[in-house]
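In: A predicted structure for the sequence below; I have some questions about it.
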Amino acid sequence: MSKLEKKQLGEILSLEYGKALRSEERSENGRYPVYGSNGIVGSYNEAVVKHPTIVVGRKGAIGEAHLALDGCWPIDTAFYTVLRKPDAVLLPFLLQWFRSVDLKALAITSTIPGLNRNTLYAQTIPLPPLPEQERIVKLLDEADALRKLRSQADKRSAELIPALFNEMFGDIQRDSKKWPKKTVASVCNLVRGSSPRPKSDPRYYGGPVPRLMIEDITRDGWQVTPRIDSLTTLGATKSRPVKSGTIVMAVSGNVGLCAQLQVDACIHDGFIAFNGLDGLLFDTVFFGFVMSHKRDENRRNQAGAVFQNITTSDVKSLEIPVPPLPLQKEFASRVSEIRAMESGQSSSRQSLDALFQSMLHRAFQGEL
């Protein structure tokens, strides 16, 4: 395919503007899907285009491409395609080409960034014979199907630990198993993080001492190693050191998100650390999982605002169920097995993503 002549996109298709359609006019059971830049946003009984087309985001989710085989209503943040040479290109092949190009890099930067049709028309696309296009699409679809299967498996795996917890300990919000309880303040010492001031002082930041930031935690109960915003030794003396293995909780930003430190580190002032946890009553993994699932209680004074802070006093007063310690440790052991499996799945997912992106690139370089 690398020896084939390439055509400018404008030679084989035109890009037409979608048409505005107010959200209140859309429905869930209309005849045609309504497309915005990032995909289907409803349905409608009429269509702007009734033939197969590709919808391309021109504002918002710039460059996102979607295949609508039975027509659709693209709204005014998107283009839709009309082929000038229907015998020259297959729409699925064209869809994969759109996905292979960094269309965001072509956007005009202004108050509201957007794609310009003439810029897209000037891009070149290789056009092998239709049977070759079919072969390439088939290969890419097979690779993409593997990614989707992996994603579905990951979703099921993410549900395993909560299901295991409920099976072993019941519904803690409803107190279904009537376990004895302890307040957080009675089983550990709560330490609020701190940030050296001023934040611009080079004496405090950019050194070798790890410091946990809100951005480092992306999942409840997941073991975490700080990766950004390291402190100098001097900066660490003005922060809060926390030992490896300690459970920490976000008390600002994504309130209630918990994790277990995997290294000694200082913590940002948006965290509370649960130091000195009573090991005769609690396994650390169990405690961390319970705390992450007390989020509704953690937000009881939030009045629906996701990003308001909670206080150390709010957390101290929380009551934690105390099942038998051997049962907690069994839970922790099984969680470790599940997380090991998830780690392997993550590596598999990254490999499949890399494979697909490589194939997508090679397909339009004449190498697939």
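Out: Cool, the structure landed.
In: and the nearest residue to residue 91 once chain neighbours are set aside, backbone torsions?
Out: Using Cβ to Cβ, 6 or more residues apart in numbering and skipping residues adjacent in sequence, the residue nearest residue 91 is residue 52, 5.6 Å away. C-beta: built from backbone N, CA, C; applies to glycine. Dihedral pair for residue 52: phi -60, psi 140, per degrees, to the nearest 10.
In: how close does residue 48 sit to residue 34?
Out: Between residue 48 and residue 34 the computed distance is 9 Å (Cβ to Cβ, to the nearest Å).
In: try residue 326
Out: Per Cβ to Cβ, residue 326 is found 56 Å from residue 34.
In: okay, these two: which has more neighbours?
Out: Between residue 326 and residue 34, residue 34 has the larger neighbour count (other Cβ atoms under 10 Å), namely 22 against 9.
In: any idea how far the more buried one is from residue 16?
Out: Per Cβ to Cβ, residue 34 is found 16 Å from residue 16.
In: which residues are in contact with each of residue 48 and residue 34?
Out: Common contacts of residue 48 and residue 34 (Cβ atoms under 8 Å, 6 or more residues apart in numbering): 72, 73, 74.
In: what's across from the first one in the sheet?
Out: Taking DSSP bridges as the rule, residue 72 bridges to residue 49.
In: so which strand or helix has residue 133?
Out: In this assignment (DSSP states H and E), residue 133 forms part of helix 130-158.
In: residues contacting the closest residue to residue 68 other than its chain neighbours?
Out: Nearest non-adjacent residue to residue 68, counting by Cβ to Cβ, 6+ apart: residue 53, 5.4 Å away. Going by Cβ under 8 Å, 6+ apart, residue 53 touches 67, 68, 71, 72, 74, 80, 81, 82, 91.
In: between the residues you listed, which is nearest residue 22?
Out: Comparing the contacts of residue 53 against residue 22 with Cβ to Cβ picks out residue 74 as the nearest, at 14.6 Å.
In: so residue 350: helix, strand or coil?
Out: helix (DSSP: H, G, I helix; E, B strand; the rest coil).
In: could you do residue 7 as well?
Out: Going by three-state DSSP: residue 7 is strand.
In: give me the beta-bridge partners of it?
Out: With DSSP bridges as the criterion, residue 7 is bridged to residue 125.
In: please apply the same query to the one 10 residues further on.
Out: The bridge-partner assignment for residue 17, based on DSSP bridges, gives residue 79.
In: surely it meets residue 79?
Out: Yes - judged on Cβ atoms under 8 Å, residue 17 makes contact with residue 79 at a distance of 6.5 Å.
In: what about those two, which has more around it?
Out: Using other Cβ under 10 Å as the criterion, residue 17 and residue 79 rank with residue 79 on top: 24 against 15.
In: where in the stretch 201-350 of the chain is pLDDT low?
Out: Scanning the stretch 201-350 of the chain for pLDDT under 70 picks out 218-223, 227-229, 295-309.
In: quick one, strands of it?
Out: Counting by DSSP state E, counting those that start in this stretch, the stretch 201-350 of the chain has strands at residues 205-209, 211-212, 222-224, 231, 241-242, 247-250, 258-261, 265-267, 271-275, 319-321.
In: I'd like those as CSV, with distance to residue 184 and mean neighbour count appended.
Out: Listed next are the strands of the stretch 201-350 of the chain as CSV, based on distance: least, Cβ to Cβ, whole Å; neighbours: other Cβ atoms under 10 Å:
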stretch, distance to residue 184, mean neighbour count
strand 205-209, 27, 15
strand 211-212, 19, 27
strand 222-224, 20, 17
strand 231, 27, 24
strand 241-242, 16, 20
strand 247-250, 10, 26
strand 258-261, 12, 23
strand 265-267, 17, 27
strand 271-275, 7, 23
strand 319-321, 6, 17
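In: dump the residue contacts of the residue lying closest to residue 168 once chain neighbours are set aside.
Out: Distances taken as Cβ to Cβ, 6+ apart place residue 331 nearest to residue 168, at 5.5 Å, with adjacent residues excluded. Residues near residue 331 by Cβ under 8 Å, 6+ apart: 164, 165, 168, 169, 283, 285, 286, 289.
In: mind listing what residue 136 touches?
Out: Residues near residue 136 by Cβ under 8 Å, 6+ apart: 93, 96, 128, 363, 368.
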